[in-house]
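> Mind looking at a prediction? Sequence and model below.
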Amino acid sequence: MDYNRRQFISFMGKASIASLVLPQFLMSCGNTATPTKDFNKISKERLQALKDFVLKGIPASDKDDLVLANGLNYHTIIKWGDTISDTDTFGFNNDYTCFIPFNNDDPKDGLLWVNHEYINPFFVSDFNYQQEKTKAQVDKEMYNVGGSIVRIKEKNGVWQVVQNDPHNRRITAQTDIALNWDAPIKGKTSVKGTLANCSGGITPWKTFITCEENYDGFLGETEYDKNNVESHRNSGYGWEKFYNYPPEHYGWVVEINPKDGKAQKHIALGRFAHECCTLYELKDKRVVAYTGDDHNDEHLYKFISSKPSSLKEGTLYVADTINGKWLALDWENQPVLKAKFKNQTEVLIRAREAAKLIGATPLNRPEDIEIDPITGHIFITLTNNKPKGDLHGSILKIEETNDNFDALTFKVSTYIAGGEENGFSCPDNLAFDMAGNLWITTDISGSSMNRPDKPYLSFKNNSLFVIPRLGKDAGKVIRVVSAPKDAELTGPWFSPDGKTLFLSVQHPGEETKDLSKPTSTWPFDADNIPKPAVVAITGDLIEKMNRLNLIEV
């Protein structure tokens, strides 16, 4: 542990506050502040208070509850099935959350975007896997994925949904969504719905980004043999039995306008199992987007736009982490791609194949990506790769050459590895707070959690951890929240004033096989049915962790 703490201090630049290098404006880590180098504004009293602050974590827990460290408390903002308007209800399995203030001067009133990644038919559509699924059941499942926009306000320390606010709306698997591309995809320029929505981001122009991850589980996938002949692989949910929606319409980065709910899919960013999309705005207003393909032996991508404030045109690159190079997925200038694909559109649709052809490095499930707001380094969670013996995953760190986000070369290192030595396993989502502390959620699968025959027993339930940047606990991995049974904690996002951490509790009771004996009853409703929910975590500990605002002094 001591070695890893020293490693953290070296990587994160803790040794000298004055030596920290701050990047330009970014929109990725739960705040919208503009960094500053003027550390002289930080009082000695504030620095000393942080150095003296000792954070007491909690032990691993298998309790069916949301267990928090002293100094933290929570309340539920919204849960599956809650009404958000006269016509809509909150969807299932909430994942990523992000918050845009309704009025830039009021951090306690804004629009919350929440992804709904997937459904459990056992709860959502009363499908028990012993019967033929009906169209009515599929329709119910399609409604419960996508995302929700809800206006929320904080009053007397409690966040509540503003019922029937005109901004409250659902985006589902049946919503009409435009394709932001000059060529049709499978004959269409507008498609039906978004699904498999995992993590996301916020654009510099204040719109929501949601990412389609494991899309093939809903409507299947198109596969190709060695002669490039197409075939269809069926999905797990079987929606294609009732809806002939091409798989190629899914697997994209989707942008949602919070004002009217209009959506568009960005073809230029490629098609694969997007876990997230983290954006950085360059000085000339062009945008850099980092996104990972959450699958064993898949890849890390970077998109650099060619026009200001746009995600429509630009170049998609894939990482060669062995040689520290970004490789262009450019049909026009890559002979190996011209030999395989008809045009750039086909390259983007079959990005996984294209990436392998040009020499991308296979990685261990690249998931969330966040940019350190103090150093500008890029952190990527590699959750695990069990077939290759990586059971606990790690966090990768990339340093772009000369700190230029549009550089085509970089240095790569492992920031920290999961496992018993460091006290966490299977890292998933990341967030940096205003003081540059790193927050980590974990994703041990429900089927492996708390099982004596699995290597995850000592970690117990999934948890939220924090690694303090400064003070006596700098570099320690400290558990501060433990999830209910079968659940994972996802989508950490800080309110603009740093006083609230929005967090999703996803799939509690996922292993339930009998509704009379649920494996979890959280959030303890009268019906004892486990329900995914978004909570607000507040308290002295959150405020103390954010008291040294290195992003905007």
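All right, it came through fine. A quick note: this is a predicted structure, and the numbers were derived from the prediction, not measured.
> Show me where the chain dips below the pLDDT cut-off.
1-43, 45-52, 548-553 (pLDDT under 70).
> where along it do the helices fall?
Using DSSP state H, the helices of the chain run over 2-12, 44-52, 121-124, 135-143, 216-219, 335-340, 344-349, 351-357, 540-545.
> Contacts for the third one next, please.
If I follow you right, that is helix 121-124. 92, 127-129, 133, 137, 140-141, 144, 237, 512-513, 515, 529-530 (C-beta atoms under 8 Å, 6 or more residues apart in numbering). For every residue, glycine as well, the C-beta is placed using N, CA and C.
> Of the residues you listed - the most surrounded one?
residue 530 (30 neighbours; other C-beta atoms under 10 Å).
> any idea how far residue 485 is from it?
Distance, residue 530 to residue 485, using C-beta to C-beta, to the nearest Å: 8 Å.
> Now do the shared contacts for those two.
Common neighbours of residue 530 and residue 485 (C-beta under 8 Å, 6+ apart) are 508-509, 519-520, 522.
> and the gap between residue 186 and residue 270?
In terms of C-beta to C-beta, residue 186 sits 16 Å off from residue 270.
> More neighbours: which of the two?
residue 270 (27 against 12).
> ok, back up a step: turn the shared contacts of residue 530 and residue 485 into TSV, columns for distance to residue 427 and neighbour count.
Output for the shared contacts of residue 530 and residue 485, formatted as TSV (distance: C-beta to C-beta, whole Å; neighbours: other C-beta atoms under 10 Å):
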residue	distance to residue 427	neighbour count
508	20	28
509	23	25
519	24	17
520	23	26
522	23	25
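> Wait, residue 405 touches residue 282, no?
Yes - if you go by C-beta atoms under 8 Å, residue 405 and residue 282 touch, sitting 6.5 Å apart.
> list the residues that contact both of these two?
Joint contacts of residue 405 and residue 282 (C-beta under 8 Å, 6+ apart) are residue 288.
> In terms of neighbours, single out the busier of those two.
For residue 405 and residue 282, the more surrounded residue by other C-beta under 10 Å is residue 405, and the numbers stand at 20 against 17.
> out of everything not next to it in sequence, what's closest to the more buried one?
Nearest residue to residue 405, sequence neighbours excluded (C-beta to C-beta, 6 or more residues apart in numbering): residue 288, at 4.5 Å.
> How many residues are close by that neighbour?
23.
> Please tell me how far it sits from residue 209.
Counting by C-beta to C-beta, the gap from residue 288 to residue 209 is 13 Å.
> And for residue 370?
14 Å.
> For the residue nearest to residue 405, list the residues it contacts.
279-282, 302-305, 405-406.
> what do you get for residue 333?
Per C-beta under 8 Å, 6+ apart, neighbours of residue 333: none.
> measure it to residue 539 for me?
54 Å.
> same thing with residue 143?
35 Å.
> likewise residue 523?
Relative to residue 539, and taking C-beta to C-beta, residue 523 is found at 18 Å.
> Likewise for residue 372?
Taking C-beta to C-beta, one finds residue 372 at 25 Å from residue 539.
> neighbour count winner among these two?
Taking other C-beta under 10 Å, residue 372 and residue 539 do not tie; residue 372 has more neighbours (26 against 18).
> right, and the more buried one touches residue 431 too?
No - using C-beta under 8 Å, residue 372 makes no contact with residue 431, being 11.2 Å away.
> Strands of the stretch 1-150 of the chain, start to end?
Ranges of strands within the stretch 1-150 of the chain are 26-27, 67-68, 73-79, 94-103, 106-116, 146-155, based on DSSP state E, counting those that start in this stretch.
> closest one to residue 313 among those?
strand 26-27 (19.9 Å; C-beta to C-beta).
> Could you find the residue nearest the spatial middle of this structure?
With distances taken as C-alpha atoms, centre = their mean, residue 199 lies nearest the centre of the chain, 2.7 Å away.
> That one and residue 169, how far apart?
Residue 199 is 21 Å from residue 169, by C-beta to C-beta.
> Over to residue 402?
From residue 402 to residue 169 the distance is 43 Å (C-beta to C-beta).
> So between these two, which is more surrounded?
residue 169 (20 against 7).
> JSON lines for the contacts of residue 288, including distance to residue 223?
Listed next are these as JSON lines, based on distance: C-beta to C-beta, whole Å:
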{"residue": "279", "distance to residue 223": "31"}
{"residue": "280", "distance to residue 223": "34"}
{"residue": "281", "distance to residue 223": "37"}
{"residue": "282", "distance to residue 223": "38"}
{"residue": "302", "distance to residue 223": "27"}
{"residue": "303", "distance to residue 223": "25"}
{"residue": "304", "distance to residue 223": "30"}
{"residue": "305", "distance to residue 223": "31"}
{"residue": "405", "distance to residue 223": "35"}
{"residue": "406", "distance to residue 223": "35"}
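> Now rank these by neighbours and give me the top one.
Top of the contacts of residue 288 by neighbour count (other C-beta under 10 Å): residue 302, with 27 neighbours.
> Bridge partners for it, pull those for me.
Under DSSP bridges, the beta-bridge partners of residue 302 are residue 290, residue 317.
> Might one say that it is in contact with residue 319?
Yes - at 7.1 Å, residue 302 and residue 319 qualify as touching, with contact defined as C-beta under 8 Å.
> Common neighbours of these two, please.
With C-beta under 8 Å, 6+ apart, residue 302 and residue 319 have common neighbours residue 326.
> Pull out the CA atoms of stretch 235-250 and give them to me as PDB.
What follows is stretch 235-250, C-alpha atoms only, in PDB (Å, rounded to 0.1, in the frame of the first residue of the first chain):
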ATOM      1  CA  SER A 235     -30.400 -11.000 -29.500                       C
ATOM      2  CA  GLY A 236     -31.100 -12.000 -25.900                       C
ATOM      3  CA  TYR A 237     -34.300 -10.000 -25.500                       C
ATOM      4  CA  GLY A 238     -35.700 -11.000 -28.900                       C
ATOM      5  CA  TRP A 239     -37.100  -7.600 -29.900                       C
ATOM      6  CA  GLU A 240     -36.300  -8.300 -33.600                       C
ATOM      7  CA  LYS A 241     -39.200 -10.800 -33.600                       C
ATOM      8  CA  PHE A 242     -41.600  -7.800 -33.600                       C
ATOM      9  CA  TYR A 243     -39.500  -4.900 -34.800                       C
ATOM     10  CA  ASN A 244     -37.300  -5.000 -37.900                       C
ATOM     11  CA  TYR A 245     -34.900  -2.300 -36.800                       C
ATOM     12  CA  PRO A 246     -31.400  -2.900 -38.300                       C
ATOM     13  CA  PRO A 247     -28.600  -3.400 -35.700                       C
ATOM     14  CA  GLU A 248     -26.600  -0.800 -37.500                       C
ATOM     15  CA  HIS A 249     -28.900   1.800 -36.100                       C
ATOM     16  CA  TYR A 250     -27.500   1.200 -32.700                       C
END
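> Pull the residues that contact that stretch.
119, 121, 133, 135, 138, 141-142, 173, 185-186, 188, 191-196, 212, 215-222, 232, 234, 265, 271, 349.
> From the chain's centre, how far out is it? Work that out for me.
In terms of C-alpha atoms, centre = their mean, to the nearest Å, the centre of stretch 235-250 is found 24 Å from the chain centre.
> hmm, back to that, return every residue with contacts to both of residue 288 and residue 209.
Listed as contacting both residue 288 and residue 209 by C-beta under 8 Å, 6+ apart are residue 279.
> Buried residues in stretch 148-156, which are they?
Within stretch 148-156, the residues that count as buried by 16 or more other C-beta atoms under 10 Å are 148-152, 154.
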